[in-house]
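Peer 1: Sequence first, then the predicted structure:
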Amino acid sequence: MRRPIIAGNWKMHKGPDETIAFLDELLPRVSNIEDREVVIAPPFVSLITAARRLRGSRVKLSAQNCHWENRGAFTGEVSPSMLLEAGCTYVIIGHSERRQLFGETNQSVNRRVLGALAAGLIPILCIGENLEERKAKHTLAVVERQLRKSLEDVEADDAETLVVAYEPVWAIGTGISASAEQAQEVHFFIRQFFEKQYNKTLANSIKILYGGSVKEDNVDELMAQPDIDGTLVGGASLKAAEFERIVRFMEPNAS
Ligand code: PGA
């Protein structure tokens, strides 16, 4: 079965000091959780601090982006092997904010995915349509194109390790989440894509997260969908109590 992943994308929030304060609060709250994976994605400068504080805990670390080369004259970039050395297990790639604000394309996303996989990081590949595309009923075509282009030259051995995050752009940071049905429809489509592109076993094992205004009051419904294997949480991951509640989705005693 697919063990759920709840990942907190901190975006440009929390330097090293705030990271420590947050983890001091979060770690005791989630220390007994084994049936789901908890991941935090702090900014680059806070990764080492977080990695040290996470020693001995099951919480995993993710970066929010990486370059495709491991070294070289790429001012301002951080390489996959550096992230691995810093203690990361995952790296978010192709987040819509990177695509919209920093010129990321399916082609550069593809290079980053290949670089991350080659270094031994697990990419959390973000895809999703914008509002116009949804209104024009192009959602599935957009998602398929993003997947096809982002996964060019990714062999089955590598594809089976990666995580996909379906994040409709119109739902990110807006407070308007996709409904559970809307998300499930796309997640099912994504799983079918992996079956067509690779094989059924891979499609059944690949983890597909939903992201976009996930909160304590909608996480249970989203996670009840058969093809939603976890969530990528932005705003609601910044407060330990709120994030804990999301991590504890569908637990009988979660308040
Ligand atoms: P949000 O962000 O939860 O604040 O909508 C999600 C994301 O951008 O990954």
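Peer 2: Yep, it's here. Numbers count the residues shown, from 1 in each chain.

Peer 1: Run the chain-centre distance for stretch 172-180.
Peer 2: Relative to the centre of its chain, stretch 172-180 is centred 16 Å away, using C-alpha atoms, centre = their mean, to the nearest Å.

Peer 1: I meant stretch 135-151, not that one.
Peer 2: Chain-centre distance of stretch 135-151: 18 Å, with C-alpha atoms, centre = their mean.

Peer 1: pLDDT averaged over it - what is it?
Peer 2: The pLDDT scores in stretch 135-151 average 98.

Peer 1: Same question for it: list its buried residues.
Peer 2: With burial defined by 16 or more other C-beta atoms under 10 Å, the residues of stretch 135-151 counted as buried are 139-140, 142-144, 146-147, 150-151. C-beta coordinates here come from the backbone N, C-alpha and C atoms, glycine included.

Peer 1: residues in contact with that stretch?
Peer 2: Under the criterion C-beta atoms under 8 Å, 6 or more residues apart in numbering, residues 93-94, 106-107, 109-110, 113, 125, 127-129, 133, 159, 164, 166, 168, 186, 189-190, 193, 197 lie in contact with stretch 135-151.

Peer 1: With stretch 71-83 instead?
Peer 2: Under C-beta under 8 Å, 6+ apart, the answer for stretch 71-83 is 44, 47, 63, 65-70, 91, 115-116, 118-121.

Peer 1: swap in stretch 184-193?
Peer 2: Contacts with stretch 184-193, where a contact means C-beta under 8 Å, 6+ apart, come from 127, 139-140, 143-144, 147, 164, 166, 168, 178, 203-204, 206, 208, 210, 225-228.

Peer 1: Please convert the buried members of the residues you listed into ChimeraX selection syntax.
Peer 2: Here is the ChimeraX command that selects only those of the contacts of stretch 184-193 that count as buried (16+ other C-beta under 10 Å):
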select :127,139,140,143,144,147,164,166,168,178,203,206,208,210,225,227,228
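
Peer 1: Now, the contacts of stretch 184-193 that are in helices?
Peer 2: 139-140, 143-144, 147, 203-204 (DSSP state H).

Peer 1: Next, the distance between the ends of stretch 2-18.
Peer 2: 32 Å (C-alpha to C-alpha, to the nearest Å).

Peer 1: Any buried residues in that stretch, and which?
Peer 2: Neighbour-count burial for stretch 2-18 flags 4-11, 13-14, 16 (criterion: 16+ other C-beta under 10 Å).

Peer 1: Is any residue of it near the ligand?
Peer 2: Yes: contact between stretch 2-18 and the ligand, assessed by C-beta under 6 Å from any ligand atom, occurs at residue 9.

Peer 1: so how far is that stretch off the chain centroid?
Peer 2: Worked out by C-alpha atoms, centre = their mean, stretch 2-18 lies 9 Å from the chain centre.

Peer 1: likewise stretch 6-23?
Peer 2: That offset, for stretch 6-23, works out to 15 Å (C-alpha atoms, centre = their mean).

Peer 1: can you list contacts of that stretch?
Peer 2: Outside stretch 6-23, the residues that reach it (C-beta under 8 Å, 6+ apart) are 36-43, 45-46, 49-50, 53-54, 59, 62, 64, 90, 92, 95, 97, 124, 165, 209, 211, 230-234, 237-238, 240, 243, 246-247, 249.
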